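>>> Mind folding the following:
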Amino acid sequence: MIDLKNELNNEQYLGASTIEGPVLIIAGAGSGKTRMLTYRIAHMLESGIDAKNILALTFTNKAATEMSDRIDQLTKTKQKNLSSTTFHSFGLGLLKQHIQHLGWKNNFTIYDATDKITLIKQVVLNIGIPLDSVDVRELGEMISKVKTNRAIITEKTGEQTKLIISEYEKHLKAYNAVDFDDLIVKPQEIFVKFPDILDKTANQFQYILVDEFQDTSISQYNLIKDLAKKSRNLCVVGDDDQSIYSWRGANYQNIVMFEQDFPERKEIMLERNYRSSKTILEAANNLIINNKERKEKKLWTESNKGASIYLMHPSTGELEASLVTQQIIDQHLSENRSLSDFAILSRTNALIPSFEAALMERDIETRVTGTQSLFDRKETRDIISYLKVIANPDDDVNLLRIINTPRRGIGRITVEKLRKLADNRNMSLYSSLCYMATSTDPSIKEGTKKKLIKFMELIEYYTRKFEDEEGQRNQVLRMLIKSINYRDYLIELNDTEKAVNFKLKGIDILCGMLAKWERNPFNKDKDMQAWINRIALIGKENQEDNKGAVNLMTMHASKGLEFDTVFLVGIEDHIIPSQRSLEEDPKNIDEERRLFYVAITRAKRKLIISSCRKRQRGKDLILSLQSRFIDELPPALIDEQDPNKIASTTEIKSGFSALKERLARMQQNNEK
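Predicted coordinates:
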């Protein structure tokens, strides 16, 4: 049996041992909430609750997997029936079981953000609206807001917008596809129309836990509220001070809604921090009290006071990158610290390249989080589109992507004829392609028919191959890539062999992922569509950790992480708080402050803040003001660099040379 009292502090113990009824756990930064949650689930299992009755929801596949692994270690058993998953994966599972009740087939395709934009463009053109007269991305955001109840269609909504939204939904259904919002919204639609399905699901998941509750949207909250309405066994864990995703639908006010919907709840506060020094926590506490709409809490620690926060004022962004690089190299050598102990965080992606370049110039490895992922690259998307069409030929968006990629002579005029035929006969593009390829209509040229037949035979051949070759589908995928001459296509598109090899390496990684998935004995669903849907869900989370590299990322991307030494760069008033966010709504100042709070609390031992005196904006070097948030930190905690004593670029470069020589000597000594 697990000794909860011995393993957890008093507040964590209370959270882990209270397993009946609604529970609200406010978990401050670094308070050990993941540890508490895993012990709570392990305790539930030891108390006789069946694993199949437990649902643990979080926001990333990585977090869900980590939680499952920890529970397996604690219970010393592989908990195959425990559902530790993301909201979207959970929604996907529900739709795979029940979406036929809404008129979809069970082999539906998930449209990601790019597919969604492509479909909106197609809808706009079909309606007869000039594409350059609409903002497609704005339409995409509007569709998302309407679906998730963040916006409503009113009399003021233009008829054109109403028509586009309506046609978008009709096209999704015609193509047997759903978008990411549907993974949350459509299960609720099923629950409303078919209460027996809700009852069955609620009876299965009688104990529900939600991590990072402050990041839930209204739709996500409503989904779990409906499931827990009967059992009342809903435990939510979050921190309103770390709510930083309103721009993607997160609503920290869900904490208030939870209090209203579950008035009998037990509330537990985790305020003891196990991560940061007293200095860092005092700075964070003094910053966040300036937000008035929040749960009152104060992080504390038994750790020592720690070093002062170092504030520096480089004259320019270029010098800022050099100074930060110099400090990392110096601390790496003098303190024998791993490069992965260091993180550079900025409010915006735009600042990251200068630091990446400065570090690379000094032969320091970097890991940049948030840049274009493997799944965003054209070559990867092309191959995945082939797989999507093979799994679901009615997927028009992905069919259009591959029908002439690589080039096979099926041009725009043929595609327009296929589209017209599909519209007239109310069928998919692939169905119209098959019809035209086998038609005896003399108006269809024999050359066109041959090209269509060849494409149709390719799809049908690999449909059979992927069905028949279970366990060897990664080899089938490699065959497909070879048979469409994709390498030659890349050579046509790229000037250098290096670029071609880089892209082919990405495709090889994709094939390797399929092979690894096939070998996994714990995969219950061996259907190819399951892997395609998994790829759509994991998206950018597939980047592997590089443990010997300096971490560069935005403050948003840093949430949930921790580092020994953190550099907060570009801490200027037009960057954080961002000028755009304040122009959109002055109330955004609170979320910008929460973002800075999250950034501060990533640091364990050292925190360095950089605010430039001038910043390049466009072609001009503009005077910058230090962020107002710096003024909200206690001056006694800050060791401020004298702006008049900043080293010159020449001095810095010469310092770098000396450090590189030291590093070379140390390496030689180690080799001896």
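
>>> Give me the below-cutoff pLDDT ranges for the protein.
370-374, 495, 538-547, 618-619, 642-672 (pLDDT under 70).

>>> Now do the same contact list for residue 576.
Applying CB atoms under 8 Å, 6 or more residues apart in numbering to residue 576 gives the contacts 347, 555, 570, 592, 595, 596, 627, 629. Yep, even glycine has a C-beta here, placed from its N, CA and C like the rest.

>>> rerun that using 7 Å as the cut-off
347, 592, 595, 596, 627, 629 (CB atoms under 7 Å, 6 or more residues apart in numbering).

>>> Residue 470 now?
residue 526 are the contacts of residue 470 under CB under 7 Å, 6+ apart.

>>> Ranking by neighbours, what's the top pick from the contacts of residue 576?
Compared across these, residue 596 has the highest neighbour count, 28 neighbours, by other CB atoms under 10 Å.

>>> Would you mind writing the CA trace of stretch 584-595 as CSV?
Only the C-alpha atoms of stretch 584-595 are listed here, as CSV (Å, rounded to 0.1, in the frame of the first residue of the first chain):
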residue,chain,number,x,y,z
GLU,A,584,-7.3,44.9,-28.8
ASP,A,585,-8.5,45.2,-25.2
PRO,A,586,-6.9,47.1,-22.2
LYS,A,587,-8.2,44.3,-19.9
ASN,A,588,-5.6,42.0,-21.6
ILE,A,589,-3.0,43.6,-19.2
ASP,A,590,-4.0,41.0,-16.6
GLU,A,591,-3.2,38.0,-18.9
GLU,A,592,0.0,39.7,-20.0
ARG,A,593,1.0,39.9,-16.3
ARG,A,594,0.0,36.3,-15.8
LEU,A,595,2.3,35.4,-18.7
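
>>> got a list of contacts for stretch 107-116?
By CB under 7 Å, 6+ apart, stretch 107-116 touches 99, 119, 140, 176-180, 381, 388, 391-392, 395, 397, 529, 533, 536.

>>> Sort out for me which of the residues you listed are in strands.
177, 178, 179 (DSSP state E).

>>> For the first one, which non-adjacent residue is spatially closest?
Okay, so that is residue 177. In this structure, residue 177 finds its nearest non-sequential neighbour in residue 109, 4.5 Å apart by CB to CB, 6 or more residues apart in numbering.

>>> wait, is residue 344 part of a strand?
Yes - judged by DSSP: H, G, I helix; E, B strand; the rest coil, residue 344 forms part of a strand.

>>> who are the neighbours in contact with it?
Residue 344 sits next to 324, 355, 550, 552, 567, 569 when contact means CB under 7 Å, 6+ apart.

>>> May I see these arranged in a markdown table, with secondary structure as well?
A markdown table is the format used below for the contacts of residue 344 (three-state DSSP):
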| residue | secondary structure |
| --- | --- |
| 324 | helix |
| 355 | helix |
| 550 | strand |
| 552 | strand |
| 567 | strand |
| 569 | strand |
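
>>> Include distance to residue 604 and neighbour count when you put those residues into TSV, please.
As requested, these are exported to TSV (distance: CB to CB, whole Å; neighbours: other CB atoms under 10 Å):
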residue	distance to residue 604	neighbour count
324	18	23
355	20	25
550	16	28
552	18	26
567	13	27
569	18	27
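
>>> Identify the farthest-apart pair in these.
Spatially, the most separated pair among these is 550 and 569, at 12.4 Å (CB to CB).

>>> Helices of the stretch 501-650 of the chain, start to end?
528-538, 555-558, 579-584, 589-600, 649-671 (DSSP state H, counting those that start in this stretch).

>>> coming back round to it: and which of the contacts of residue 576 is nearest to residue 306?
Distance to residue 306, by CB to CB, is smallest for residue 596 among those, at 19.0 Å.

>>> thinking the closest one is in contact with residue 629, fair?
Yes - shown here, residue 596 and residue 629 form a contact pair, counting by CB atoms under 7 Å, at 4.8 Å.

>>> Give the residues shared as contacts by these two.
Shared contacts of residue 596 and residue 629, defined by CB under 7 Å, 6+ apart, comprise 287, 576.

>>> before we move on, the earlier item: looking at the contacts of residue 344, which is nearest residue 92?
residue 552 (32.0 Å).

>>> contacting residues around the closest residue to residue 324 other than its chain neighbours?
Nearest residue to residue 324, sequence neighbours excluded (CB to CB, 6+ apart): residue 567, at 5.2 Å. With contacts defined as CB under 7 Å, 6+ apart, residue 567 is in contact with 324, 344, 345, 608, 610.

>>> and what of residue 91?
183, 184, 187 are the contacts of residue 91 under CB under 7 Å, 6+ apart.

>>> One more: residue 477?
511, 514.
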